[in-house]
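Novice: Got a predicted structure here, sequence first:
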Amino acid sequence: MRRFALLGHRAMSQGNLPLNDMAGGAGRMDVLVRALMAAMLTSHGIRHDTEVVLHLMGGPGPNRRIKFVGSLLKGVHAEERAVGGQIGKVLKMPIPARGQWVERSAGIFDGGGDINHTLAEWPETTVVCLDANAPRLWNQGDSIPLESNPLSNCTGEHGDFTVSGLDIGFILSDDKPLPDFVQSDAMLRRSLGDVWLQGHMAIGVCHFLLDEGVNLNLD
């Protein structure tokens with residue numbers, strides 16, 4: 001399973017999402033939407049072995065999490081405004097209790113809580129926080145395989161998928177650093193290079209490494 005936790009420090013957590021101003025009035029919701037699309041979508045489909053949790057931390061009110069589960073997801077298309085509209089429908093509803101998930105539509109779940117709740121839900125997952133100042137995510141000297149050998153796979157029909165292989169989760173923050181209250185002794189810090197990439201680009205690189213079967217530096 002591939003998991004992505006996306007932190008939006010200014011992203012609104014409830015109310016009427018301004019689809020014409022997601023970069024401003026919605027607290028840079030546009031950044032999260034692009035990252036979500038990069039994580040969940042291929043050119044002509046949905047990644048069924050992927051889950052994304054958006055952490056909306058900008059208020060008003062308590063933090064909110066919205067989880068997208070690829071094996072259950074329907075109706076998500078590669079258009080930012082349409083994806084923003086689906087998020088907007090969730091924001092109009094009351095925020096569930098911390099740690100509780102409520103399915104709002106096929107594959108889209110709404111919950112309260114913060115990144116520590118998400119990490120607690122990933123007990124068997126290798127968690128990587130992307131940080132340009134950390135060691136590389138891949139092993140030094142390793143090359144890209146000549147034939148794709150994905151590190152995770154999925155088989156089955158919609159809603160009944162079996163996922164096998166590496167269970168890995170990535171944490172990506174917006175332009176603000178990871179909060180001090182994040183609690184995970186097992187978290188690894190790894191980089192994708194010296195340049196600080198935009199979130200959606202970093203996610204694309206992660207998927208590429210996993211799709212091709214590049215040996216990862218997870219020790």
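Specialist: That came through, no problem. Nothing here was measured: the structure is a model prediction, and the numbers come from that model. Residues are numbered from 1 along each chain as shown.
Novice: buried ones in the strand or helix carrying residue 154?
Specialist: Under the criterion of DSSP states H and E, residue 154 resides in strand 152-157. Within strand 152-157, the residues that qualify as buried are 152, 154, counting by 16 or more other CB atoms under 10 Å. (Each C-beta comes from the backbone N, C-alpha and C, glycine too.)
Novice: What strands line up against it, and which way round?
Specialist: Using DSSP bridges, strand 152-157 pairs in its sheet with strand 160-165 (antiparallel).
Novice: what residues does the helix or strand following the strand it pairs with touch?
Specialist: Per DSSP H and E, strand 160-165 leads on to strand 168-173 as the next helix or strand towards the C-terminus. Applying CB atoms under 8 Å, 6 or more residues apart in numbering, the contact partners of strand 168-173 are 1-7, 9, 35, 115, 122, 125-130, 151-152, 178, 182, 187, 199, 202-203, 206, 210, 216, 218.
Novice: so strand 168-173 versus strand 152-157, what angle?
Specialist: Counting by axes from the mean of the first three to the mean of the last three CA atoms, to 10 degrees, strand 168-173 points 110 degrees away from the direction of strand 152-157.
Novice: could I have strand 168-173 exported to PDB, CA atoms only?
Specialist: Only the C-alpha atoms of strand 168-173 are listed here, as PDB (Å, rounded to 0.1, in the frame of the first residue of the first chain):
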ATOM      1  CA  ILE A 168       5.000   2.700   2.800                       C
ATOM      2  CA  GLY A 169       3.600   6.100   3.800                       C
ATOM      3  CA  PHE A 170       4.900   9.600   3.000                       C
ATOM      4  CA  ILE A 171       4.400  12.800   4.900                       C
ATOM      5  CA  LEU A 172       4.500  16.000   3.000                       C
ATOM      6  CA  SER A 173       3.900  19.400   4.500                       C
END
